[in-house]
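1. generate a structure from the sequence data that follows.
(2 chains)
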Amino acid sequence: MNTSEISDPFKKARIESGCGHMEDQNDPATMLLRLKDVRKSAHNWKTFQSGAAPGRIVIPSEVHIRETRQIPFEVDPPEHKAYRNLVEAWFKRPLDEAYQQKLTTIVETIIDEVLTKDNIEVVEDLSLKLQSRALTLLLNTPFEESEKWISWGTHVFRSEGSSLDGDKANILYDYIDAEIDKAIAKPGCDLYSVLLASEIDGKKLSKEEVKGVMILTFAGGRDTVINALTNSVAYFADNPKSIQYIKENPEYTGKAVEELIRYFSPLTQMGRVATEDTVVCEHAVKADTRISLCWASANRDETVFENPNEVVLDRKLNPHVAFGFGTHNCLGATHARQIMNIFLTTIANKVASIDIIEAKENIEDLGDFKRKVGYDSLTVKFHNH
Amino acid sequence: MAKITFITSDNEKIELEATSGSVMQLAVDNGVQGIDGDCGGVCSCATCHVHVLPEHVSKTGTASEIEQDMLELDDNVSEYSRLCCQLDVSDALDGVVLQVAK
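-> Numbering: from 1, shown residues only, chains lettered A, B, ... in the order given. The predicted structure is shown next:
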């Protein structure tokens, strides 16, 4: 088995029953494993709500470490629409050429740097740095802020080896509180200031609402982007011909990005809370219990994807749900896609091959299943042309 | 060369000509309002939804099962719905008129 391979632990359960089960802090979740069920349930926000207690739709649940409601993520229609409309244009800025130019500079600087070194540890030396520096563009904050975010390490929300860590989460929440106060005292052109100045139905957003958007922006795009980047490096190390393919066929970079994100599914699942007794996939779901939309399993559904466990860089029909589906689809997807697109292009232009020296996998424990989502550490050597 | 006409939700009529590529890409490159094409054309995001004017359905053909499954959950679906990333520009499409769904 190649180091970069990410297997599909859900196959048997997906084919046989369509469901899995996961215990989580006395709030178990019925996991939906088939693409159609996942899509339909994501679409049905009335029966499967996101607006439950803050933190409850996240798995593992964050109800014990977070009181702030993430916005628009943990708000359902009709209120959801006003919040989403408010932030949508800001989160589409990655489509601007100037934004892409700056992002290219960030990515090229990091790749140039790793090419000069003997060995690098990808998570710390590449992915965390790139994710943090790119986030300064999304927030439109000074580049130097990224140094602080990098210093937090990858485990802002988790201690090494354990699940959720309230003290670590507080580092982020306290930081955001302080940044909001700064933006109130001296408004600028950053996301904090833009949110503080915006209104819904003639009413300014409260500090708590602004904090809710900012926590979502920081938390939603951290582990996910880091895993996507690290997994890409492992993939290209095992498949040097793919680097060559993208170099020779740059018009397929977009399709390659979608396929890698399908295959990696950097966010394994997201929960919902049932608002009534219902049935999914011939499985009873009681009101006020949780289901999970298992994007990672849905993205390997053999009834939809041909050769689901293979990376097919030019896959033309690729109806994956790696960015979620429906009302609550990923707000940061435009940013994430641009990062991946520019990352692949830069690797194709500058890198000939990558050697894996040592890999320590990050395996999620999901009750019935264990799933590799990325790496705790990945030591490699980059070679230029 | 195919002439393809988009009618946006503001009733703006945009006539474009192309020889290759997808209809979605043509729309995005020309800033047709309501066609975002977020996923770049792999049938994953449903942000390129159009209604083919009934008299032009013979030019486009019908949606594949995967495409239909995506469309089925769209609020504004009709029997003439297509995701235009799945329509390749060719002479067969010449003269087609597409009403943008969003």
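2. any idea how many residues pack against residue A:167?
-> The number of residues packed near residue A:167 is 8, by other Cβ atoms under 10 Å in any protein chain shown. From N, CA and C alone the C-beta is placed, and that goes for glycine too.
3. which SS state does it fall under?
-> At residue A:167 the chain is in helix, as set by DSSP: H, G, I helix; E, B strand; the rest coil.
4. check residue B:51 too.
-> Here residue B:51 is recorded as strand under three-state DSSP.
5. around chain A, which positions in chain B sit nearby?
-> For chain B, the residues in contact with chain A (Cβ under 8 Å from any Cβ of the partner chain) are B:38-45, B:64, B:66, B:69-70, B:73, B:86.
6. of these, which is the most crowded?
-> Counting by other Cβ under 10 Å, top hit in those: residue B:39 with 27 neighbours.
7. tell me which residues are up against the lowest-mean-pLDDT helix or strand in chain B.
-> Ranked by mean pLDDT, DSSP states H and E, the helix or strand of chain B with the weakest confidence is helix B:65-72, at a mean of 93. Under the contact criterion Cβ atoms under 8 Å, 6 or more residues apart in numbering or on different chains, helix B:65-72 has outside partners A:36, A:39, A:304, A:317, A:319, B:43-44, B:46, B:49, B:63, B:77, B:81-83, B:86.
8. can you pull the pLDDT of the residue most central in space within chain A?
-> For chain A, residue A:224 is the residue whose C-alpha lies nearest the centre (Cα atoms, centre = their mean; 3.1 Å). For residue A:224, the pLDDT comes out at 96.
9. now do residue A:357
-> Here the pLDDT value assigned to residue A:357 is 98.
10. name the helices or strands packed onto the helix or strand where it lies?
-> With secondary structure defined by DSSP states H and E, residue A:357 is part of strand A:351-366. With contacts taken as 3 or more Cβ pairs under 8 Å, 6 or more residues apart in numbering or on different chains; DSSP states H and E, strand A:351-366 sits against helix A:223-238, helix A:240-248, strand A:369-384.
11. pull out the buried residues from the helix or strand where residue A:254 lies.
-> Per DSSP H and E, residue A:254 falls inside helix A:253-264. Buried residues in helix A:253-264, counted by 16 or more other Cβ atoms under 10 Å in any protein chain shown: A:253, A:254, A:255, A:256, A:257, A:258, A:259, A:260, A:261, A:262, A:263, A:264.
12. how far away from the center of its chain is the least confident helix or strand of chain B?
-> 14 Å (Cα atoms, centre = their mean, to the nearest Å).
13. excluding its own residues, what touches the helix or strand just after it? List them.
-> Downstream of helix B:65-72, the first helix or strand assigned by DSSP H and E is strand B:81-83. Applying Cβ under 8 Å, 6+ apart, the set of residues contacting strand B:81-83 from outside is B:24, B:43, B:46, B:48-52, B:60, B:63, B:67, B:70-71, B:74, B:98, B:101.
14. now do the strands in the chain.
-> Going with chain A. Residue ranges of the strands in chain A, as given by DSSP state E, are A:19-22, A:29-32, A:48-49, A:120-121, A:199-200, A:203-204, A:270-274, A:278-280, A:283-285, A:290-293, A:351-366, A:369-384.
15. switch to chain B, please.
-> Under DSSP E, chain B gives strands at B:2-7, B:13-18, B:49-52, B:81-83, B:96-100.
16. tabulate the ones you listed (CSV), appending mean neighbour count and mean pLDDT.
-> Converted to CSV, the strands of chain B look like this (neighbours: other Cβ atoms under 10 Å in any protein chain shown; pLDDT from 0 to 100):
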stretch, mean neighbour count, mean pLDDT
strand B:2-7, 19, 98
strand B:13-18, 13, 97
strand B:49-52, 24, 97
strand B:81-83, 25, 97
strand B:96-100, 22, 98
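17. which residue is the nearest non-sequential neighbour of residue B:91?
-> Of all residues beyond its chain neighbours, the one nearest residue B:91 is residue B:2 (5.8 Å), with distances taken as Cβ to Cβ, 6 or more residues apart in numbering or on different chains.
18. my read: the one you found touches residue B:98, true?
-> No. Residue B:2 lies out of contact with residue B:98 (Cβ atoms under 8 Å); the separation is 12.0 Å.
19. around chain B, which positions in chain A sit nearby?
-> Within chain A, the positions adjacent to chain B are A:36, A:39-40, A:43, A:254-255, A:257-259, A:304, A:315-321, A:323, A:325-326, A:329, A:333-334, A:337 by Cβ under 8 Å from any Cβ.
20. what about residue 79, neighbour count?
-> Assuming you mean chain A. 13.
21. my bad, the chain I had in mind was chain B
-> Residues lying near residue B:79 (other Cβ under 10 Å) number 10.
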